[in-house]
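Novice: need a 3D model of the following:
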Amino acid sequence: MEILIVTGLSGSGKSTAAKYLEDLGYFCIDNVPPSLLELFVNSLSESHYEERDKQRFCLISDARSLLLSDELSPKIASILHQYPQIRLLYLEAQPEILLSRYKQTRRNHPLAQSSNLTSALSRERELMAPLREMATDIIDTSLLSGLDLRDQLIHSFQPGQEDFISLYLESFGYKYGLPSDADIVCDVRFIANPFYIPELKPLTGLDQAVSDYIFSFPESQDFLDRQLENLRLILPFFKREGRMRLNIAFGCTGGHHRSVAFVEAFKDRLANSAYPVFVEHRDIHKQATGGI
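Specialist: Prediction:
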């Protein structure tokens with residue numbers, strides 16, 4: 001069990017940080033009231049999970065909670081004393097940066113109900129000071145872009161995974177439309193369709209007989225080799241742009257034979273890569289059809 005508490009100044013990027021932490025495998029719970037914060041932590045800590053199913057939780061509690069009570073700092077202090085393995089991430093930014101961000105978004109500060117924005121920012125910094133003192137990790141987002149923040153979070157909470165990116169391989173049938181989330185689409189309809197081979201028609205690309213037939217053509221192996229070479233070329237640049245997942249879709253007519261076999265073969269080619277690989281056969285359970 002891994003629990004991270006995130007707090008800090010309003011406008012410092014907690015919502016953005018939560019999105020990136022979710023990408024890193026954390027289950028994020030936002031705006032947890034102080035009265036429930038310790039209850040959440042106790043409940044999670046008493047849960048039992050297998051090591052292979054290790055869970056990561058992120059609890060976010062900040063100035064919005066100060067509107068409900070003044071218990072935030074004492075509650076977090078009690079939690080950190082009871083569970084020293086829990087980390088407290090504090091996000092902050094310079095006053096002029098926070099003021100500029102609020103002016104740009106035109107959102108209201110949680111403490112600005114009866115005062116001007118400058119006073120609210122100053123008051124919040126004062127109220128949150130005890131939490132900053134307790135923090136195990138502090139990130140100043142004043143000069144950070146979203147990608148910079150992502151990199152710092154990975155460095156702090158998933159070290160060694162700075163080049164992290166997940167690869168999603170998907171087979172589909174063109175007759176049912178392109179996958180809406182595909183980054184790269186590979187059309188494999190240039191290979192002879194097993195649909196027209198009586199003994200192969202009722203099978204799918206998951207069956208060895210279909211795979212053997214498809215890859216009996218030299219152009220199938222050549223195409224797969226070139227796709228792998230292309231992936232090695234572009235993957236560093238996708239990572240440079242902050243992408244945390246890349247969806248590669250292989251399509252044939254109905255999504256039963258050729259596209260499925262290519263996805264499975266491509267998955268095998270990536271078996272020794274450093275990246276997690278996930279597979280989905282979108283249309284494999286739909287009725288098989290002919291065509292090109």
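
Novice: grab the nearest non-local neighbour of residue 262.
Specialist: Nearest non-adjacent residue to residue 262, counting by Cβ to Cβ, 6 or more residues apart in numbering: residue 250, 4.4 Å away. Backbone N, C-alpha and C define where each C-beta goes, glycine included.

Novice: now the one you found: phi and psi?
Specialist: Dihedral pair for residue 250: phi -110, psi 130, per degrees, to the nearest 10.

Novice: tell me the contacts of it?
Specialist: With contact set as Cβ atoms under 8 Å, 6 or more residues apart in numbering, residue 250 has these partners: 169-172, 186, 188, 258-259, 262-263, 266.

Novice: which parts of the stretch 151-292 of the chain are strands?
Specialist: Using DSSP state E, counting those that start in this stretch, the strands of the stretch 151-292 of the chain run over 166-173, 184-187, 245-252, 277-281.

Novice: partner strands of the first one and their direction?
Specialist: According to DSSP bridges, strand 166-173 has the following sheet partners: strand 245-252 (parallel), strand 277-281 (parallel).

Novice: where does the stretch 51-200 of the chain have low pLDDT?
Specialist: Within the stretch 51-200 of the chain, the stretches with pLDDT under 70 are 51-54, 66-69, 114, 160-164.

Novice: if you set the cut-off to 80 instead, what comes out?
Specialist: For the stretch 51-200 of the chain, the stretches with pLDDT under 80 are 51-54, 64-70, 106, 113-115, 147, 159-164.

Novice: quick one on the thing from earlier: could you measure from the residue nearest to residue 262 over to residue 10?
Specialist: According to Cβ to Cβ, to the nearest Å, residue 250 stands 46 Å off from residue 10.

Novice: residue 209 now?
Specialist: Residue 209 is 61 Å from residue 10, where distance means Cβ to Cβ.

Novice: of the two, give the one with the bigger neighbour count.
Specialist: Remark: of residue 209 and residue 10, residue 10 carries more neighbours, 24 against 12, as counted by other Cβ atoms under 10 Å.

Novice: the more buried one touches residue 110, doesn't it?
Specialist: Yes - contact criterion Cβ atoms under 8 Å: residue 10 and residue 110 qualify, at 5.9 Å.

Novice: overlap of the contact sets of these two?
Specialist: With Cβ under 8 Å, 6+ apart, residue 10 and residue 110 have common neighbours 63-64, 124.

Novice: now render those as a markdown table, adding distance to residue 83.
Specialist: A markdown table is the format used below for those (distance: Cβ to Cβ, whole Å):
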| residue | distance to residue 83 |
| --- | --- |
| 63 | 23 |
| 64 | 23 |
| 124 | 26 |
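
Novice: so which of these are in strands?
Specialist: Members of the shared contacts of residue 10 and residue 110 lying in strands (criterion: DSSP state E): none.

Novice: residue 286: which of these is nearest?
Specialist: Among these, residue 64 lies closest to residue 286 (Cβ to Cβ), at 46.9 Å.

Novice: separation between that closest one and residue 8?
Specialist: Residue 64 is 12 Å from residue 8, by Cβ to Cβ.

Novice: quick one: which of the two has more around it?
Specialist: residue 8 (27 against 16).

Novice: neighbours of the nearest residue to residue 115 once chain neighbours are set aside, how many?
Specialist: Excluding its sequence neighbours, the residue lying closest to residue 115 (Cβ to Cβ, 6+ apart) is residue 123, at 7.2 Å. Around residue 123 there are 16 other residues, counting by other Cβ under 10 Å.
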